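K.L.:
quick one, fold the following:
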Amino acid sequence: MRPDTHTFRSRCSIARTLEILGDKWTLLVLRDLMWHGKDRFKALQESEEHIPANLLSERLKRLQDWGLIEKEAYQERPTRYRYRLTEEGRSLEPVLLQIMRWGHAHLGGGLFDPVSGRSQQATPDKA
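P.N.:
I've put the predicted structure just below:
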(Lines give C-alpha, C1' and ligand atoms only; values in the text may rest on other atoms or scores of the structure.)
Protein backbone atom coordinates (compact mmCIF):
# COMPACT_ATOMS: atom_id res chain seq x y z
CA MET A 1 0.00 0.00 0.00
CA ARG A 2 1.25 3.42 -0.88
CA PRO A 3 -0.33 6.60 0.52
CA ASP A 4 -0.88 8.01 -2.96
CA THR A 5 -2.72 4.89 -4.16
CA HIS A 6 -4.46 3.75 -0.98
CA THR A 7 -8.24 3.92 -0.87
CA PHE A 8 -9.44 4.38 2.67
CA ARG A 9 -12.58 2.61 3.86
CA SER A 10 -13.81 5.68 5.72
CA ARG A 11 -13.68 9.45 5.60
CA CYS A 12 -13.16 9.57 9.38
CA SER A 13 -9.62 10.61 10.39
CA ILE A 14 -9.61 8.20 13.35
CA ALA A 15 -10.66 5.28 11.16
CA ARG A 16 -8.04 6.19 8.56
CA THR A 17 -5.29 6.40 11.18
CA LEU A 18 -6.33 3.04 12.59
CA GLU A 19 -6.01 1.48 9.13
CA ILE A 20 -2.30 2.27 9.34
CA LEU A 21 -1.49 2.09 13.05
CA GLY A 22 -4.33 0.17 14.65
CA ASP A 23 -3.12 -3.42 14.73
CA LYS A 24 -1.54 -5.27 17.63
CA TRP A 25 2.14 -4.60 16.80
CA THR A 26 2.62 -1.33 14.93
CA LEU A 27 2.64 1.09 17.87
CA LEU A 28 4.98 -1.25 19.75
CA VAL A 29 7.42 -1.21 16.84
CA LEU A 30 7.24 2.60 16.82
CA ARG A 31 7.77 2.64 20.60
CA ASP A 32 10.90 0.50 20.31
CA LEU A 33 12.31 2.63 17.50
CA MET A 34 11.43 5.86 19.28
CA TRP A 35 12.53 5.21 22.85
CA HIS A 36 14.33 1.91 23.24
CA GLY A 37 17.12 2.26 20.70
CA LYS A 38 16.09 -0.83 18.77
CA ASP A 39 16.88 -0.18 15.14
CA ARG A 40 17.62 -3.61 13.71
CA PHE A 41 15.24 -6.40 12.78
CA LYS A 42 16.53 -8.88 15.37
CA ALA A 43 16.43 -6.31 18.18
CA LEU A 44 12.88 -5.34 17.26
CA GLN A 45 11.84 -8.98 17.05
CA GLU A 46 13.30 -9.74 20.46
CA SER A 47 11.42 -6.95 22.20
CA GLU A 48 9.48 -7.73 25.34
CA GLU A 49 6.46 -8.78 23.25
CA HIS A 50 8.36 -11.19 20.90
CA ILE A 51 6.73 -10.19 17.62
CA PRO A 52 6.75 -13.00 15.01
CA ALA A 53 9.22 -12.36 12.16
CA ASN A 54 6.59 -12.42 9.40
CA LEU A 55 4.44 -9.84 11.20
CA LEU A 56 7.43 -7.64 11.99
CA SER A 57 8.45 -7.69 8.31
CA GLU A 58 4.95 -6.69 7.25
CA ARG A 59 4.70 -3.90 9.84
CA LEU A 60 8.11 -2.48 8.93
CA LYS A 61 7.19 -2.50 5.24
CA ARG A 62 3.90 -0.74 5.95
CA LEU A 63 5.57 1.92 8.11
CA GLN A 64 8.15 2.47 5.39
CA ASP A 65 5.49 2.71 2.67
CA TRP A 66 3.65 5.36 4.69
CA GLY A 67 6.85 7.35 5.23
CA LEU A 68 7.00 6.84 8.99
CA ILE A 69 10.32 4.99 8.96
CA GLU A 70 13.34 4.66 6.69
CA LYS A 71 15.66 1.71 6.30
CA GLU A 72 19.34 1.85 5.57
CA ALA A 73 21.69 -1.00 4.73
CA TYR A 74 24.50 -1.36 7.25
CA GLN A 75 25.90 -4.67 5.96
CA GLU A 76 26.23 -6.00 2.41
CA ARG A 77 26.57 -9.80 2.60
CA PRO A 78 24.03 -10.72 3.68
CA THR A 79 22.26 -7.39 3.37
CA ARG A 80 21.06 -6.20 6.74
CA TYR A 81 19.18 -3.02 7.54
CA ARG A 82 18.72 -0.59 10.36
CA TYR A 83 15.48 1.32 10.71
CA ARG A 84 14.86 4.84 11.91
CA LEU A 85 11.90 7.12 12.32
CA THR A 86 11.35 9.88 9.83
CA GLU A 87 10.21 13.31 10.97
CA GLU A 88 6.65 12.20 10.28
CA GLY A 89 7.20 9.09 12.38
CA ARG A 90 8.67 11.15 15.23
CA SER A 91 5.57 13.35 15.11
CA LEU A 92 3.67 10.41 16.63
CA GLU A 93 5.54 10.74 19.94
CA PRO A 94 2.86 12.89 21.65
CA VAL A 95 0.25 10.32 20.61
CA LEU A 96 2.28 7.46 22.10
CA LEU A 97 2.87 9.47 25.28
CA GLN A 98 -0.88 10.07 25.66
CA ILE A 99 -1.66 6.38 25.13
CA MET A 100 1.02 5.52 27.71
CA ARG A 101 -0.39 8.05 30.21
CA TRP A 102 -3.91 6.70 29.78
CA GLY A 103 -2.71 3.12 30.26
CA HIS A 104 -0.69 4.12 33.30
CA ALA A 105 -3.63 5.92 34.88
CA HIS A 106 -6.24 3.26 34.13
CA LEU A 107 -4.45 -0.05 33.70
CA GLY A 108 -1.29 0.10 35.81
CA GLY A 109 1.90 -1.42 34.48
CA GLY A 110 5.22 0.25 33.91
CA LEU A 111 5.79 3.82 32.89
CA PHE A 112 8.67 4.72 30.59
CA ASP A 113 10.21 8.16 30.81
CA PRO A 114 11.55 9.03 27.33
CA VAL A 115 13.58 11.94 28.73
CA SER A 116 15.58 9.92 31.26
CA GLY A 117 15.31 6.62 29.39
CA ARG A 118 14.22 4.94 32.61
CA SER A 119 11.26 2.75 33.41
CA GLN A 120 9.41 2.97 36.67
CA GLN A 121 6.69 0.89 38.20
CA ALA A 122 3.26 2.39 37.76
CA THR A 123 1.02 3.22 40.66
CA PRO A 124 -2.71 3.74 39.98
CA ASP A 125 -2.81 7.17 41.68
CA LYS A 126 -0.18 8.72 39.36
CA ALA A 127 -1.10 10.02 35.91
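
K.L.:
Asp39 contacts Arg80, correct?
P.N.:
No. Contact between Asp39 and Arg80 fails when scored by CB atoms under 8 Å: they sit 11.1 Å apart. Bear in mind the C-beta positions are built from the backbone N, C-alpha and C, glycine included.

K.L.:
so which of those two has more stuff around it?
P.N.:
Legend: neighbour count by other CB atoms under 10 Å for Asp39 and Arg80, higher for Asp39 (18 against 13).

K.L.:
report pLDDT for that one.
P.N.:
pLDDT recorded at Asp39 is 95.

K.L.:
now do the contacts for it.
P.N.:
33, 82-84 (CB atoms under 8 Å, 6 or more residues apart in numbering).

K.L.:
looking at those residues, which are in helices?
P.N.:
Leu33 (DSSP state H).

K.L.:
just give me the closest of the contacts of Asp39 to Ser57.
P.N.:
Taking CB to CB as the measure, Ser57 lies nearest Tyr83 of these, at 11.4 Å.

K.L.:
weed out the non-buried ones from the contacts of Asp39.
P.N.:
Buried subset of those (neighbour count, 16 or more other CB atoms under 10 Å): 33, 82-83.

K.L.:
helices of this structure, start to end?
P.N.:
Using DSSP H, the helices found in the chain span residues 13-21, 26-35, 41-45, 53-65, 87-90, 93-107.

K.L.:
so of those, which one's packed in deepest?
P.N.:
Mean neighbours per residue, mean count of other CB atoms under 10 Å, is largest over the helices of the chain for helix 26-35, with a mean of 20.
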